[in-house]
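Engineer: here are the coordinates; sequence isn't available:
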């Protein structure tokens, strides 16, 4: 194309220009088009410099052409929707695109009538209204939440998918700035009795979702959260109050929280016995596997994107770990034969997603892209073979293995892990 | 009890100390991930909220522990439970608890290497969880509609269908916690740790 520049007009330029101005009735001949050359900007349906814009509004909206959507699946009471990771930038998930997972629908709860009961092995059993909770000293932190089932669609030894989006694969992951009151503040207020070691957290939905949580976590960095990205937490995320357990599996972070019972043993609810436990090869099942291991996932380029040209492309994605900070993300553009450090976009926060980037010059040949994360404890995101070896190939949660994306010579991107196993 | 409180406060202080260390080692950014410390001058108690009396607690304290704590009075038999099951459960779990479309409840395949299924007979470590869960969340469209007798009865039926209790079993606050589930010893605590090992 380079030699076509200057006095000559490229075919592509002529077509682009002509299709715009012909539509406007401005040219009659190719000579007219040549005089116009390529300097005519794309025509808007209305020239925004010639028409006053719309007025201010109480609530903003996205640009007409920008309509990211959660992938809401079957309309069922126990269901999930996934965050469109491929459409997002940076690390924060817009609150209305935060993934959903609920077991009996989303309850409609009036904040004014919501109460939190804290009782059990405490000096003073208490009931807190939301106005009470909001009066305590607050903190705000950026944390990811991930469903422990995330990524399970690319774990089975048989039937590894190819035409799967990163939204379907890893969209049960979102990051928000959460605002709330440390649970430790509330436990201090009620006075935890000697011998206590667990608590039961119970939701106010029609499943009365309940999980047993070790008291150590409650006293460490657990939050009673009522704020999300600067506003009240969304109903799908537990309005008016949810338990935040930074770095732990989403299910344990009970939404619509109405009761905390301090105990000396786990309650063994259904969600910590027959669900959210990890069968392992050899006849056991791992229980209370709260922490999310280090993981990374490429969000661009991913299926169904087609790279239109060889040349420079920025590979980007997210990395996160429940054990603290991500210290390194490596990217391979040759199917794992070699790895290079990706750039980690600041801020790099504990128990929060970090955005990574790697500038890549695609030579037009078929290849496979991979990423792998390392966290501050020295844990390196495993291959799927390593996870199969450690846990068997039929475990049901915690799928933090490396993901792969195959780029075909025509630029078409598909999920490529099946090509590596 | 007071000693416990003192211990917790001490733990909180240790947390603060660690945070200060982080701050020194990695600059200003570390301040944002310090464990939460109450502002200086905070009182030992704020006094917000209302003390909950026993009646208020009892209203919501309906969970059931593995030793049977929290189980209400009442009882039910396998035969009674079959009626409950046919009335409230088969639409989602199938006529015999094996057909779905929702969770398959019945099955006791051996676990020699791997759980054959995640049924009550195959994958539930505690029988008390049935009471806790059913009373919370079942039936899905009308949770909480079953009486205590109906709940005990349908549990007896489900356990019998799984071969865990005999056909003449009666479930109540004494017999249910005594049921030893086939998968009881299968469950192990999380053994993953910080560091490089893949577990």
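Structural biologist: In hand now; what should we look at? As the structure is a prediction and not an experimental result, all values here were calculated from the model.
Engineer: Show the low-confidence segments of chain B, by residue range.
Structural biologist: Counting by pLDDT under 70, chain B has low-confidence residues at B:1-34.
Engineer: go again using 50 as the cut-off
Structural biologist: Flagging of chain B using pLDDT under 50 yields the residue ranges B:1-33.
Engineer: May I ask which helix or strand encompasses the spatially most central residue of it?
Structural biologist: Central residue of chain B (Cα atoms, centre = their mean): residue B:129, 6.1 Å from the mean position. Assigned by DSSP states H and E, residue B:129 belongs to helix B:128-137.
Engineer: those strands in the stretch 201-350 of chain A, which residues are they?
Structural biologist: With DSSP state E, counting those that start in this stretch applied, the stretch 201-350 of chain A shows strands at A:210-214, A:223-228, A:231-232, A:242-244, A:257-263, A:278-280, A:284-287, A:295-300, A:311-320, A:326-332, A:340-341, A:343-344, listed in chain order.
Engineer: How many residues are close by the closest residue to residue A:160 other than its chain neighbours?
Structural biologist: Leaving aside its chain neighbours, residue A:160 sits nearest to residue A:418 (3.5 Å; criterion: Cβ to Cβ, 6 or more residues apart in numbering or on different chains). For every residue, glycine as well, the C-beta is placed using N, CA and C. Counted with other Cβ atoms under 10 Å in any protein chain shown, the neighbours of residue A:418 add up to 16.
Engineer: I'd like to know which elements the one helix or strand residue A:418 maps to is packed against.
Structural biologist: Following DSSP H and E, one finds residue A:418 within helix A:417-420. Contacts defined by 3 or more Cβ pairs under 8 Å, 6 or more residues apart in numbering or on different chains; DSSP states H and E place helix A:417-420 against strand A:404-407.
Engineer: again, only using 10 Å
Structural biologist: The contact analysis (3 or more Cβ pairs under 10 Å, 6 or more residues apart in numbering or on different chains; DSSP states H and E) places helix A:417-420 against strand A:367-375, helix A:384-391, strand A:404-407.
Engineer: The longest one and chain B in contact?
Structural biologist: Yes. Strand A:367-375 comes into contact with chain B (Cβ under 10 Å from any Cβ of the partner chain), by way of A:374-375.
Engineer: Buried residues, that strand. List them.
Structural biologist: For strand A:367-375, burial by neighbour count (16 or more other Cβ atoms under 10 Å in any protein chain shown) applies to A:367-375.
Engineer: Take these and write them to a markdown table, including distance to residue A:86 and pLDDT.
Structural biologist: Shown next, in a markdown table, are the buried residues of strand A:367-375 (distance: Cβ to Cβ, whole Å; pLDDT from 0 to 100):
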| residue | distance to residue A:86 | pLDDT |
| --- | --- | --- |
| A:367 | 20 | 98 |
| A:368 | 18 | 98 |
| A:369 | 14 | 98 |
| A:370 | 17 | 98 |
| A:371 | 15 | 98 |
| A:372 | 20 | 98 |
| A:373 | 19 | 98 |
| A:374 | 24 | 98 |
| A:375 | 24 | 98 |
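Engineer: the helices in chain B, which residues?
Structural biologist: Here chain B has its helices, by DSSP state H, at B:2-26, B:54-60, B:78-88, B:90-93, B:120-123, B:128-137, B:148-161, B:175-178.
Engineer: so residue A:122 bridges to which residues?
Structural biologist: In this structure, residue A:122 bridges to residue A:192 when assessed by DSSP bridges.
Engineer: who touches it in this structure?
Structural biologist: Listed by Cβ atoms under 10 Å, 6 or more residues apart in numbering or on different chains, the contact partners of residue A:122 are A:187, A:189-193, A:196, A:199, A:260-262, B:1, B:52.
Engineer: try 8 Å
Structural biologist: A:187, A:190-193, A:196, A:262 (Cβ atoms under 8 Å, 6 or more residues apart in numbering or on different chains).
Engineer: And residue B:176, by the same measure?
Structural biologist: Counting by Cβ under 8 Å, 6+ apart, residue B:176 has contacts B:68, B:71, B:127-128, B:130-131, B:152, B:155.
Engineer: Tell me where the stretch 51-200 of chain A has strands.
Structural biologist: Under DSSP E, counting those that start in this stretch, the stretch 51-200 of chain A gives strands at A:71-72, A:79-82, A:100-102, A:115-120, A:126-129, A:139-146, A:173-182, A:198-203.
Engineer: Could I get those strands in a markdown table, plus columns for distance to residue A:53, mean neighbour count and mean pLDDT?
Structural biologist: Below are the strands of the stretch 51-200 of chain A laid out as a markdown table (distance: least, Cβ to Cβ, whole Å; neighbours: other Cβ atoms under 10 Å in any protein chain shown; pLDDT from 0 to 100):
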| stretch | distance to residue A:53 | mean neighbour count | mean pLDDT |
| --- | --- | --- | --- |
| strand A:71-72 | 33 | 12 | 88 |
| strand A:79-82 | 33 | 20 | 94 |
| strand A:100-102 | 34 | 21 | 96 |
| strand A:115-120 | 46 | 22 | 98 |
| strand A:126-129 | 44 | 21 | 98 |
| strand A:139-146 | 33 | 22 | 98 |
| strand A:173-182 | 30 | 24 | 98 |
| strand A:198-203 | 44 | 25 | 98 |
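Engineer: ok, residue A:231 touching residue A:95?
Structural biologist: Yes. Residue A:231 lies in contact with residue A:95 (Cβ atoms under 8 Å); the separation is 6.9 Å.
Engineer: Which one's more surrounded, the two?
Structural biologist: Taking neighbours as other Cβ under 10 Å, residue A:231 and residue A:95 compare with residue A:95 leading, 19 against 9.
Engineer: Chain B versus the more buried one, what's the distance?
Structural biologist: 20 Å (Cβ to the nearest Cβ, to the nearest Å).
Engineer: okay if I get the strands of the stretch 51-200 of chain A as TSV plus distance to residue B:178?
Structural biologist: As requested, those are exported to TSV (distance: least, Cβ to Cβ, whole Å):
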stretch	distance to residue B:178
strand A:71-72	44
strand A:79-82	37
strand A:100-102	34
strand A:115-120	24
strand A:126-129	35
strand A:139-146	39
strand A:173-182	41
strand A:198-203	23
